[in-house]
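Return atomic coordinates for the entry below.
(one chain, ligands or ions: 1)
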Amino acid sequence: MKLFSSVHDVQNIKQFIDDALALKANPYAFQSLGKNKTLGLVFMNPSLRTRLSTQKAALNLGMNVMVMNMDKEGWALETQDGVVMNGTTVEHIREAAAVMGQYCDILGLRSFPKLTNREEDYNEDFFNKFVKYCAVPVVSLESATRHPLQSLADLITIQETWSSKGVKPKVVLAWAPHVKALPQAVPNSFAEWMCRAQQENMLDFTIAQPEGYELCEDYTPGAKIEYNLESALSGADYVYVKNWSSYKEYGKVLTYPEGWMMDNEKLKITNNAKIMHCLPVRRDLELSAELLDGPNSLVIHEAGNRLWAVQAVLKTMLEEIK
Ligand code: CP
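I've put the predicted structure just below:
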């Protein structure tokens, strides 16, 4: 595997989940695999979970790790070709990415969308140029349109905690309120991974959102779409709570009806569902504090599984570059 940027980069998702859970059971089994190999982590945006879980996973595999907070510590990057760089940008991505590739065996990149130009964001221009010019394997630490390490950890968490084997769990992605315009990367990616798992008969997948918040259909093949939260929650075994801004009216926060925050009252409609969220979460805005602190919350367990998800990805890449 030379690139981990979406579910399409994984041939066998069940095998990948098994690999991650084997690493969870035996974290240091491959400590010699990463000896004398270096992982570089490049952040254009803030992070807690992705940064720490990826560093820890690399250390478990015996790798060296370097972190670059490019947005704060790096030169201002130019990404367009053919421009005279007589403005604020100091270094072109062609040189910056190529130089980082000289120092690292694997690179990770986090680059959020600007949410102003849909075509530009959905073309993944920055991420794709970084991949092209660095010339080493790349792990997405969240790009403009996807967050595959989060989604892999989410699927691992569902598989690990679902005890009624032989019965498919009902998984609901439920839109939630927020005060800011957030990217569609997490819900796009979650939908993509759940749709793939649904195709493989692992679960049933529903998306609940107010009118105007439909995700791009490319990411939701086979998903059941509901505009009524209560109907969607009926019989749910897992509820994945997440806000996102509008794809149609790109990057906008639209008005929506009351009652989209998940709380203990709505939990009663479900099949005693487990509650998931990628974090960070705004308490009592996206998700009630009572649910977050209650027995149905999986959010900390889910964040813990970020480590095994990325360790499985790095292990697969290391095995191919040795
Ligand atoms: N869920 C997630 O990616 O968290 P961070 O943004 O803190 O890395």
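
per the record, what domains does this protein have?
Residue ranges of the domains in the chain are recorded as 3-146+306-320, 150-303, according to automatic domain parsing.

quick check, distance from the shortest one to the centre of its chain.
For domain 150-303, the distance between its averaged C-alpha position and the chain's averaged C-alpha position is 13 Å (Cα atoms, centre = their mean, to the nearest Å).

Just the helices from the stretch 51-200 of the chain, written as ranges.
In order along the chain, the stretch 51-200 of the chain carries the following helices (DSSP state H, counting those that start in this stretch): 70-73, 93-103, 118-122, 125-134, 148-161, 185-199.

that older thread, for the domains of the chain, give me CSV that also has mean pLDDT.
Below are the domains of the chain laid out as CSV (pLDDT from 0 to 100):
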stretch, mean pLDDT
domain 3-146+306-320, 97
domain 150-303, 97
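
State the number of residues packed around the closest residue in space to residue 13 that isn't next to it in sequence.
With sequence-adjacent residues excluded and distances taken as Cβ to Cβ, 6 or more residues apart in numbering, residue 13 is closest to residue 196, at 6.1 Å. Every C-beta, even on glycine, is put in place using the N, C-alpha and C of the backbone. By other Cβ atoms under 10 Å, 20 other residues sit near residue 196.

same deal with residue 2?
Neighbouring residues of residue 2 were enumerated by other Cβ under 10 Å; the total is 12.

go on, residue 151?
Residues near residue 151, counting by other Cβ under 10 Å: 27.

wait, doesn't it sit right on residue 188?
No. Because the distance of 9.1 Å does not satisfy Cβ atoms under 8 Å, residue 151 is recorded as not touching residue 188.

wait, isn't residue 210 in contact with residue 256?
Yes. Under the criterion of Cβ under 8 Å, residue 210 lies in contact with residue 256, with a separation of 3.9 Å.

more neighbours, these two?
Counting neighbours by other Cβ under 10 Å for residue 210 and for residue 256 shows that residue 210 has the greater number, 18 against 14.

Helix or strand: which one has the residue of the stretch 151-300 of the chain found nearest the ligand?
When Cβ to the nearest ligand atom is the measure, the stretch 151-300 of the chain has its nearest residue to the ligand at residue 278, with 4.0 Å between them. No secondary structure element spans residue 278, as it lies outside all helices and strands (assigned by DSSP states H and E).

Distance check, it against residue 123.
Residue 278 sits 24 Å away from residue 123, going by Cβ to Cβ, to the nearest Å.

more crowded one of the two?
Just comparing residue 278 and residue 123: by other Cβ under 10 Å the higher neighbour count belongs to residue 278, 25 against 13.

Could you measure from the more buried one over to residue 267?
For residue 278, the distance to residue 267 under the criterion Cβ to Cβ works out to 19 Å.

got it, and residue 102?
Separation of residue 102 from residue 267 (Cβ to Cβ): 52 Å.

Who has more neighbours out of those two?
residue 267 (20 against 9).

Residue 287 is in contact with that one, correct?
No. Shown here, residue 267 and residue 287 do not form a contact pair, counting by Cβ under 8 Å, at 10.9 Å.

between those two, what contacts are shared?
Between them, residue 267 and residue 287 share these contacting residues under Cβ atoms under 8 Å, 6 or more residues apart in numbering: residue 275.

Grab the nearest non-local neighbour of residue 230.
If you skip the residues right next to it in sequence, residue 230 has residue 269 as its closest partner in space, 5.7 Å away by Cβ to Cβ, 6+ apart.

TSV for the helices of the stretch 51-200 of the chain, including distance to the ligand?
Supplementary listing: the helices of the stretch 51-200 of the chain in TSV, determined by distance: least, Cβ to the nearest ligand atom, whole Å:
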stretch	distance to the ligand
helix 70-73	13
helix 93-103	20
helix 118-122	17
helix 125-134	15
helix 148-161	5
helix 185-199	7
